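Q: Quick one: sequence and predicted model below, then my questions.
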Amino acid sequence: MSLTLAVSACGNDAAEENRPSSGAKPSATAQAPSPAGTESVNGVKVSVRIGDTTTQATLTDNATARAFAATLPVTVQMSDMLERELYGSLPQPLPAPGSDRQTDYQAGQLVYWPPGPGLAVYYKHAGPPVPGPGMVVLGTIDEDLDAFTGLDGTAQVTIARAD
(Lines give C-alpha, C1' and ligand atoms only; values in the text may rest on other atoms or scores of the structure.)
Protein backbone atom coordinates (compact mmCIF):
# COMPACT_ATOMS: atom_id res chain seq x y z
CA MET A 1 0.00 0.00 0.00
CA SER A 2 1.11 3.59 -0.51
CA LEU A 3 -0.18 6.63 1.45
CA THR A 4 0.55 10.31 1.00
CA LEU A 5 0.13 12.02 4.36
CA ALA A 6 1.39 14.83 6.57
CA VAL A 7 1.70 13.18 9.92
CA SER A 8 3.51 13.45 13.26
CA ALA A 9 4.11 10.48 15.37
CA CYS A 10 3.63 9.59 18.88
CA GLY A 11 3.81 6.47 20.83
CA ASN A 12 5.17 5.03 24.00
CA ASP A 13 7.37 2.24 25.17
CA ALA A 14 4.49 -0.09 24.37
CA ALA A 15 5.17 0.71 20.71
CA GLU A 16 7.91 -1.90 20.69
CA GLU A 17 5.42 -4.46 22.01
CA ASN A 18 2.90 -3.55 19.30
CA ARG A 19 5.17 -3.70 16.28
CA PRO A 20 4.24 -6.25 13.64
CA SER A 21 4.98 -9.82 14.66
CA SER A 22 7.44 -10.06 11.78
CA GLY A 23 9.78 -7.98 13.95
CA ALA A 24 10.21 -5.54 11.09
CA LYS A 25 10.70 -2.02 12.26
CA PRO A 26 8.79 0.62 10.29
CA SER A 27 11.14 2.72 8.18
CA ALA A 28 11.06 5.98 6.28
CA THR A 29 12.79 7.99 3.59
CA ALA A 30 12.70 11.76 3.25
CA GLN A 31 14.42 14.74 1.76
CA ALA A 32 16.71 16.73 4.04
CA PRO A 33 14.91 19.67 5.64
CA SER A 34 15.49 23.08 4.12
CA PRO A 35 17.63 25.38 6.22
CA ALA A 36 14.85 27.96 6.33
CA GLY A 37 12.00 26.03 7.97
CA THR A 38 10.62 29.36 9.17
CA GLU A 39 7.85 29.81 6.58
CA SER A 40 4.40 29.55 8.15
CA VAL A 41 2.61 26.30 7.37
CA ASN A 42 -0.70 27.20 9.04
CA GLY A 43 -3.44 25.88 6.77
CA VAL A 44 -1.03 24.27 4.29
CA LYS A 45 -2.66 21.22 2.68
CA VAL A 46 -0.77 17.98 2.29
CA SER A 47 -1.86 14.92 0.38
CA VAL A 48 -2.05 11.61 2.17
CA ARG A 49 -2.08 8.46 0.09
CA ILE A 50 -2.47 4.92 1.38
CA GLY A 51 -3.12 2.18 -1.13
CA ASP A 52 -5.63 3.46 -3.66
CA THR A 53 -6.92 6.09 -1.25
CA THR A 54 -5.71 9.67 -1.22
CA THR A 55 -6.92 12.14 1.35
CA GLN A 56 -5.75 15.51 2.62
CA ALA A 57 -4.54 16.94 5.88
CA THR A 58 -4.10 20.52 7.04
CA LEU A 59 -0.91 21.47 8.87
CA THR A 60 -0.82 23.44 12.09
CA ASP A 61 1.77 26.19 12.42
CA ASN A 62 4.43 25.37 14.99
CA ALA A 63 8.21 24.83 14.81
CA THR A 64 7.84 21.06 14.50
CA ALA A 65 5.26 21.25 11.70
CA ARG A 66 7.45 23.77 9.82
CA ALA A 67 10.45 21.44 10.08
CA PHE A 68 8.30 18.49 9.01
CA ALA A 69 6.95 20.40 5.98
CA ALA A 70 10.53 21.15 4.95
CA THR A 71 11.21 17.37 4.68
CA LEU A 72 8.29 16.67 2.34
CA PRO A 73 7.78 14.54 0.41
CA VAL A 74 8.42 11.74 2.88
CA THR A 75 7.56 8.05 2.73
CA VAL A 76 7.04 6.21 6.01
CA GLN A 77 6.44 2.50 6.65
CA MET A 78 3.60 2.54 9.17
CA SER A 79 1.89 -0.14 11.20
CA ASP A 80 -1.10 -0.21 13.51
CA MET A 81 -0.43 0.49 17.16
CA LEU A 82 -2.89 -0.02 20.01
CA GLU A 83 -5.82 -0.19 17.55
CA ARG A 84 -6.00 3.61 17.54
CA GLU A 85 -3.14 4.89 15.39
CA LEU A 86 -0.75 4.18 12.55
CA TYR A 87 2.85 4.72 13.59
CA GLY A 88 6.16 4.78 11.76
CA SER A 89 9.72 5.97 12.25
CA LEU A 90 11.01 9.14 10.64
CA PRO A 91 14.55 9.13 9.21
CA GLN A 92 15.64 12.05 11.41
CA PRO A 93 14.43 13.91 14.49
CA LEU A 94 12.49 17.18 14.31
CA PRO A 95 12.59 20.05 16.81
CA ALA A 96 9.94 19.58 19.49
CA PRO A 97 9.80 22.47 21.96
CA GLY A 98 8.35 21.46 25.31
CA SER A 99 5.75 24.22 25.10
CA ASP A 100 4.20 22.55 22.02
CA ARG A 101 3.97 19.05 23.54
CA GLN A 102 0.79 17.47 24.82
CA THR A 103 -0.36 14.08 26.06
CA ASP A 104 -4.01 14.17 24.97
CA TYR A 105 -5.03 13.38 21.41
CA GLN A 106 -8.07 13.36 19.13
CA ALA A 107 -9.01 11.13 16.21
CA GLY A 108 -7.74 12.70 13.00
CA GLN A 109 -4.57 14.24 14.41
CA LEU A 110 -1.17 13.89 12.77
CA VAL A 111 1.49 13.94 15.46
CA TYR A 112 5.23 13.78 16.00
CA TRP A 113 6.59 11.57 18.81
CA PRO A 114 10.08 12.93 19.69
CA PRO A 115 11.58 9.78 21.29
CA GLY A 116 10.95 7.78 18.07
CA PRO A 117 11.50 9.94 16.23
CA GLY A 118 8.11 8.90 14.96
CA LEU A 119 5.06 9.94 13.05
CA ALA A 120 1.50 8.88 13.91
CA VAL A 121 -2.02 9.28 12.59
CA TYR A 122 -4.72 8.82 15.21
CA TYR A 123 -7.77 7.27 13.57
CA LYS A 124 -9.65 6.53 16.81
CA HIS A 125 -9.70 7.94 20.33
CA ALA A 126 -9.19 4.90 22.54
CA GLY A 127 -6.99 4.06 25.47
CA PRO A 128 -4.87 6.14 27.79
CA PRO A 129 -3.22 9.49 27.06
CA VAL A 130 0.22 9.49 25.48
CA PRO A 131 2.97 9.31 28.14
CA GLY A 132 5.62 11.98 28.68
CA PRO A 133 7.49 13.59 27.11
CA GLY A 134 4.33 14.01 25.03
CA MET A 135 3.84 14.59 21.33
CA VAL A 136 3.50 17.58 19.02
CA VAL A 137 0.45 17.97 16.78
CA LEU A 138 1.50 18.58 13.18
CA GLY A 139 -1.96 18.83 11.66
CA THR A 140 -5.36 17.23 11.14
CA ILE A 141 -6.67 14.75 8.59
CA ASP A 142 -9.46 16.56 6.73
CA GLU A 143 -11.47 13.52 5.60
CA ASP A 144 -11.65 9.73 5.25
CA LEU A 145 -10.17 8.46 8.52
CA ASP A 146 -11.42 5.01 7.49
CA ALA A 147 -8.43 4.82 5.12
CA PHE A 148 -6.23 4.31 8.20
CA THR A 149 -8.21 1.52 9.86
CA GLY A 150 -8.03 -2.23 9.43
CA LEU A 151 -4.38 -2.33 8.41
CA ASP A 152 -2.99 -5.85 8.27
CA GLY A 153 0.79 -5.56 8.60
CA THR A 154 2.54 -2.44 7.39
CA ALA A 155 1.65 0.19 4.83
CA GLN A 156 3.79 2.59 2.90
CA VAL A 157 2.54 6.12 3.52
CA THR A 158 3.69 9.01 1.35
CA ILE A 159 3.16 12.56 2.54
CA ALA A 160 3.59 15.51 0.18
CA ARG A 161 2.49 19.11 -0.20
CA ALA A 162 -0.81 19.25 -2.02
CA ASP A 163 -0.05 22.59 -3.69
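A: Yes, it's here. Numbering: from 1, shown residues only.
Q: drop to CA atoms for contacts and neighbour counts, all remaining ones
A: Fine.
Q: This structure: helices as residue ranges?
A: 14-17, 63-71 (DSSP state H).
Q: which one of those has the lowest average pLDDT?
A: Among those, helix 14-17 carries the lowest mean pLDDT, at a mean of 36.
Q: who are the neighbours in contact with the closest residue to Val130 other than its chain neighbours?
A: Among residues not flanking Val130 along the chain, Thr103 sits closest, at 4.7 Å (C-alpha to C-alpha, 6 or more residues apart in numbering). Contacts for Thr103 (C-alpha atoms under 8 Å, 6 or more residues apart in numbering) come out as Pro129, Val130, Pro131, Gly132, Pro133, Gly134, Met135.
Q: Among these, give me the pair with the biggest separation.
A: By the measure C-alpha to C-alpha, Pro129 and Pro133 form the most distant pair in the contacts of Thr103, at 11.5 Å.
Q: where in this structure is pLDDT low?
A: 1-37 (pLDDT under 70).
Q: So what sits opposite Thr55 in the bridge?
A: Beta-bridge pairing for Thr55 (DSSP bridges): Val48.
Q: So it versus Pro133, what's the distance?
A: 30 Å (C-alpha to C-alpha, to the nearest Å).
Q: now Gln92
A: Counting by C-alpha to C-alpha, the gap from Gln92 to Pro133 is 18 Å.
Q: cool, and Pro93?
A: On the measure of C-alpha to C-alpha, Pro93 and Pro133 end up 14 Å apart.
Q: Please apply the same query to Thr149.
A: Relative to Pro133, and taking C-alpha to C-alpha, Thr149 is found at 26 Å.
Q: try Ala107
A: 20 Å.
Q: Give me the nearest residue to Gly132, chain neighbours excluded.
A: Spatial nearest neighbour of Gly132, excluding adjacent residues (C-alpha to C-alpha, 6+ apart): Thr103 at 6.9 Å.
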